[in-house]
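A.B. asks: Provided below for reference: sequence and predicted model.
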Protein chains: 2
Amino acid sequence: MTADPLGATRFPWQQALGARPLDHDRTEFRVWAPNADQLALRIGDSEMPLADEGYGIFSTITSASAGTDYWFVADGVPVPDPASRSQPHGLRGASRVFAAEPAAPLSQRLSLDQLVILELHIGTFSQEGTFRGAIQHLDELAQLGVNAIEVMPVAEFPGARGWGYDGVYISAAQSSYGGPGQFLELIGAAHERGIAVILDVVYNHVGVSGVDALNAFGPYFTGKYGTPWGKAMNYDDELCDPVREWAIQSAEGWIREYGIDGLRLDAIHAIHDSSPEHIVAAITRRVHAADPQAIVILESGLNDANVIRPRDVGGWGADAAWADDFHHALRTLITDERDGYYAEFGRIELLAKAFNRPYVHDGGYSSFRKRRFGAPAQDVAPERFVVFCQDHDQVGNRAFGDRLPPQARPLAAFMTLLSPFTPMLFMGEEYGESAPFQFFSDHIDPKVADATRTGRREEFAAFASFGHDVPDPQALETFENSKLTRVRDPELAQLYAQLIELRGQLPPGDADEIVFDEAARWLRVRRGAFELLASFADQPTSFELAPGTELLLSTHRLAPHPELGWIELQPLSGVLLRIGAV
Amino acid sequence: MTADPLGATRFPWQQALGARPLDHDRTEFRVWAPNADQLALRIGDSEMPLADEGYGIFSTITSASAGTDYWFVADGVPVPDPASRSQPHGLRGASRVFAAEPAAPLSQRLSLDQLVILELHIGTFSQEGTFRGAIQHLDELAQLGVNAIEVMPVAEFPGARGWGYDGVYISAAQSSYGGPGQFLELIGAAHERGIAVILDVVYNHVGVSGVDALNAFGPYFTGKYGTPWGKAMNYDDELCDPVREWAIQSAEGWIREYGIDGLRLDAIHAIHDSSPEHIVAAITRRVHAADPQAIVILESGLNDANVIRPRDVGGWGADAAWADDFHHALRTLITDERDGYYAEFGRIELLAKAFNRPYVHDGGYSSFRKRRFGAPAQDVAPERFVVFCQDHDQVGNRAFGDRLPPQARPLAAFMTLLSPFTPMLFMGEEYGESAPFQFFSDHIDPKVADATRTGRREEFAAFASFGHDVPDPQALETFENSKLTRVRDPELAQLYAQLIELRGQLPPGDADEIVFDEAARWLRVRRGAFELLASFADQPTSFELAPGTELLLSTHRLAPHPELGWIELQPLSGVLLRIGAV
């Protein structure tokens, strides 16, 4: 447990926010509401006052139990609890008292370098689109060797479908997914199968549909900074402490009350905070205090590994960070895309660099960003970087949400799963899913719905060929089209199984040697006694092999056999070799 | 020399910006001007093109020498050089090539714990109001024991008079002060007398009168953040690298080209920067590389000592930081003011706390800021904090710019100069100056002048008694009234001399014991064999003394003598004792 650097003083906002059942018929309610002149708790037809604990914190203990619906009434208007743990009637319905019994823990927690993560979206992972619906597909994942699922955001968001990044009630599991009870079932089912659960949490903004509902209570937002998705959360302006605590308790709650094994914090580069302890460092500290083995993964677009360095050297102490550059370096070699930020990639040299540390931008000039970008991270162990060849952004934020083209998939998987980094798959990738993952939403505010629809269309207007065919995010079919068909490409599925198995045999840590030929478009990586050989050429390429070299895996059928002293790789293919003892 | 964490790559913007004489008749000119479609260098009647070095950097070598006036002509409009070292015709005149020969260095550089700093404003320090005019008063300072002057900003600002915080040409010494040549004279004269020179530099914004002139060249500003004084500098947005370098080279230049001994960076809490290395850390690193003994002092309003921690624990590596809380804790006890942020002070306990580490707000709740504020700094040596009982802000930002009332001065000086922190005096304080230091300006843009005048009036409108009597900042007499009269209070002047001398005998480092009595309003501080005894009571107070105690200094006349075993302190007075060996 790491000490709070600001000392042990307890403030009222540090008590549990929201509704906490104390025993079978009494529940404690606590809310921060400095903006409300009049405040009451409403249960059924009765309204009751709350006691002032100071600093804008109000609380009461009353007869209520798990399952009781309630509102806070702020200046006459019933509003859901900002710290709600359940919104069974949706974003603008009553909150419900929920008593979480943490899921049974994993029998064995895995270290970062053992993890194979699969990112999934509850709404489209199963036909049912619910937490419970997801359970039936866990056996298949476990069998494949996936030992962690990273669940896209489940905090209550507007409507019945969406990616989840416009959630509002950051501690309530989405009602249309089955709510918190079903979420607990899923966590328990995953744990039974040896699968850890990592939850994607969004603390950099809330969906615009929730801004008024939070402002009814207090200044949750600040005008000091902006985010690309709406108002910045108030983490360092006047009255910020209870907002910080609201976010921290949410993070703690997922770990402590649900038994979740880790969190993935969305877009932390969009959180500006001049406090002595950045809110992300504070969340990380408190999560580790709640469960020292819990993993905190950060999505940071800054290519600055300081966020995953230890606190004693000034880091934020998080366990791992996404590294998108690895994806870009890889994708541009297998699809030849060069739009936008892909323009800076497309050379074997950069993938070779990314295979050492995945921040290709590590202090050099980025022509896309028009500035020097990133910083070196050689001191940070490779498993602290999460890499992928597909993810919800890189698939879903394409105009049509199309996955990697089939011919690119084997080599993409090969490079990702045999890298020294922590690999993450995107649901369906592991068996060659053909359904797209498109951008969909179900905004309940017509203005927000229109803005989302128009924004999406304009974003891709530059690509003239798309015309007005970009899928309408609000249309039900856009969501339905994105559901996994679960039609398998058996050969690819087998490759994934083999790769995951062989990955477990590779020594963890840095590659021992990385060499490449830009003109011939190949890359060789030695990891202990193993060698990855990958060809990005558009024609077959031959390689000499040292005597005694053993072929462990090939992404494509091979002829002739390597015993002959040489090997011919097909375009976009890779082989894993064991180097002979000479 | 500290390594650049981003490696050794050289970019064109890392070459010297501005005008650099190469020999007696050739000068190299370099400017960053991505916003200009057409760019030329104008000297006299001739215009010449510049060569494109890439990244928006243009340069040329031409016949020109120190003293040559020049303009850059951006899209047909002549504009001063953003990196100008001399603006002899003012903010909107031509720039002039200047060849600085660094002043002869100090024969001996002092460590932080030896420094006694005096903050001065060139325009009002002497009747002449020039760098040269200041020289005549240095002997007096040296004699007193002042061994460093901190010169309020001298970067070229609008008009002939002003505090200097709305400067624009951050590398040019103010023309109305005598320009860079006279500044070098002052530095040399100070060094001859054993006085170090610390320069106040403003890198958090530029005066609004200069925004267009800088924008003519490139995006010096960003809309990502704001400051209380205008647009935020672009230190982390697109094309930020040359802006960063423009600030860094300015800091380096003062050290390297002028031989200045240290910088005081203004309001660094107003600089938001999400780069891997914060611009303030980068400036500090480069200043230390230019002169490892140079001192970097930060004005930070965040009460977060991380900025003065070493880089290897995640700090910014600066040497010292201002600590305003010490002033507030002290002032409220001797003047009974409780307005604004003073409301949180006024207890002996808080001065006792401030005597240990001067961040009184070190993580507790600040009712003024409505949040927890600051962080502990026990690990940071006390001399790394600069404290004062008067400074340009605490005097000048009062409605009438009045100094501490006479009856408060002796005890204020006693507490400040005998503290374990680095003390800073405000010019004139050391001999009991009676002239106020008022807020004055000489804005050349009528709109800015009006806004300044109105802003000042409105700021103090709440204090009904002031009516419209608040001095007009634009009036010449406001400036003239602020000039030192140099009328001495001999008794106070002698006290300052004694305090500075005795300060040198106190052991450096933490106080050994700090005790106080809130009701009786006294504070005792033991530092080695010495004891400070201070009374904030409004009536005489008696103290018992241990046998053998020796009286070293008293802020007021004393009777009877302490040999008698007790001592009676007058209201607002202090004594320094040497504890007897028992």
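C.D. replies: Nice, I can see it. Numbering: from 1, shown residues only, chains lettered A, B, ... in the order given.
A.B. asks: mind listing what A:G90 touches?
C.D. replies: A:E156, A:P158, A:G159, A:S175, A:S176, A:I444 (C-beta atoms under 8 Å, 6 or more residues apart in numbering or on different chains). The C-beta positions use only the backbone N, C-alpha and C, and glycine is treated the same way.
A.B. asks: Most neighbours out of those residues, which is it?
C.D. replies: Neighbour tally across the contacts of A:G90 (other C-beta atoms under 10 Å in any protein chain shown): the maximum, 31 neighbours, falls on A:E156.
A.B. asks: bridging residues for that one?
C.D. replies: In this structure, A:E156 bridges to A:Y169 when assessed by DSSP bridges.
A.B. asks: Next one: it from A:P180, what distance?
C.D. replies: Distance, A:E156 to A:P180, using C-beta to C-beta, to the nearest Å: 10 Å.
A.B. asks: Residues that sit against both of the two, list them.
C.D. replies: A:A172, A:A173.
A.B. asks: Surely A:V515 is in a strand?
C.D. replies: Yes - counting by DSSP: H, G, I helix; E, B strand; the rest coil, A:V515 falls inside a strand.
A.B. asks: Nearest spatial neighbour of it, chain-adjacent residues omitted?
C.D. replies: A:R524 (5.1 Å; C-beta to C-beta, 6 or more residues apart in numbering or on different chains).
A.B. asks: tell me the SS of that neighbour?
C.D. replies: From three-state DSSP, the assignment for A:R524 is strand.
A.B. asks: Pretty sure it sits against A:A511.
C.D. replies: No - A:R524 is beyond contact range of A:A511, at 9.9 Å (criterion: C-beta atoms under 8 Å).
A.B. asks: Which of the helices or strands spans A:Q182?
C.D. replies: helix A:179-192 (DSSP states H and E).
A.B. asks: For the next helix or strand after that helix, give me every contacting residue.
C.D. replies: Using DSSP H and E, the helix or strand that follows helix A:179-192 in sequence is strand A:196-201. Contact with strand A:196-201 is made by A:106, A:109-110, A:115, A:117, A:147-155, A:164, A:170, A:186-187, A:190-191, A:250-251, A:254, A:260-266, A:295, A:297, as judged by C-beta under 8 Å, 6+ apart.
A.B. asks: These in helices, which ones?
C.D. replies: The members of the contacts of strand A:196-201 that map onto helices under DSSP state H are A:L186, A:I187, A:A190, A:H191, A:S250, A:A251, A:W254.
A.B. asks: Switch those over to JSON lines; also include distance to A:Q570, neighbour count and pLDDT.
C.D. replies: Output for the ones in helices among the contacts of strand A:196-201, formatted as JSON lines (distance: C-beta to C-beta, whole Å; neighbours: other C-beta atoms under 10 Å in any protein chain shown; pLDDT from 0 to 100):
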{"residue": "A:L186", "distance to A:Q570": "40", "neighbour count": "27", "pLDDT": "98"}
{"residue": "A:I187", "distance to A:Q570": "42", "neighbour count": "28", "pLDDT": "98"}
{"residue": "A:A190", "distance to A:Q570": "37", "neighbour count": "25", "pLDDT": "98"}
{"residue": "A:H191", "distance to A:Q570": "41", "neighbour count": "20", "pLDDT": "98"}
{"residue": "A:S250", "distance to A:Q570": "49", "neighbour count": "23", "pLDDT": "98"}
{"residue": "A:A251", "distance to A:Q570": "47", "neighbour count": "26", "pLDDT": "98"}
{"residue": "A:W254", "distance to A:Q570": "45", "neighbour count": "29", "pLDDT": "97"}
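A.B. asks: hang on, the earlier thing: mind checking which of the contacts of A:G90 land in strands?
C.D. replies: Among those, the ones falling in strands (DSSP state E) are A:E156.
A.B. asks: just to revisit the earlier point, which of the contacts of strand A:196-201 are buried?
C.D. replies: A:106, A:110, A:115, A:117, A:147-155, A:164, A:170, A:186-187, A:190-191, A:250-251, A:254, A:260-266, A:295, A:297 (16 or more other C-beta atoms under 10 Å in any protein chain shown).
A.B. asks: taking those one by one, which sit in strands?
C.D. replies: A:117, A:148-151, A:155, A:170, A:262-265, A:295, A:297.
A.B. asks: which one of those sits closest to B:V31?
C.D. replies: A:L265 (42.1 Å; C-beta to C-beta).
A.B. asks: now the nearest residue to that closest one once chain neighbours are set aside, which residues is it bridged with?
C.D. replies: Nearest in space to A:L265, with sequence neighbours left out and distances taken as C-beta to C-beta, 6+ apart, is A:L298 at 5.1 Å. Following DSSP bridges, A:L298 is listed with bridge partners A:L265, A:A321.
A.B. asks: show me what contacts A:L298?
C.D. replies: Taking C-beta under 8 Å, 6+ apart, one finds A:R264, A:L265, A:I268, A:V280, A:V307, A:I308, A:W316, A:A318, A:A320, A:A321, A:W322 in contact with A:L298.
A.B. asks: and those residues as TSV, adding pLDDT?
C.D. replies: Formatted as TSV, these follow (pLDDT from 0 to 100):
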residue	pLDDT
A:R264	98
A:L265	98
A:I268	97
A:V280	98
A:V307	98
A:I308	98
A:W316	98
A:A318	98
A:A320	98
A:A321	98
A:W322	98
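A.B. asks: Name the nearest of the residues you listed relative to B:V515.
C.D. replies: Out of the contacts of A:L298, the member with the shortest distance to B:V515 (by C-beta to C-beta) is A:W316, at 39.4 Å.
A.B. asks: Neighbours of that closest one, how many?
C.D. replies: Neighbour number of A:W316 under other C-beta under 10 Å is 25.
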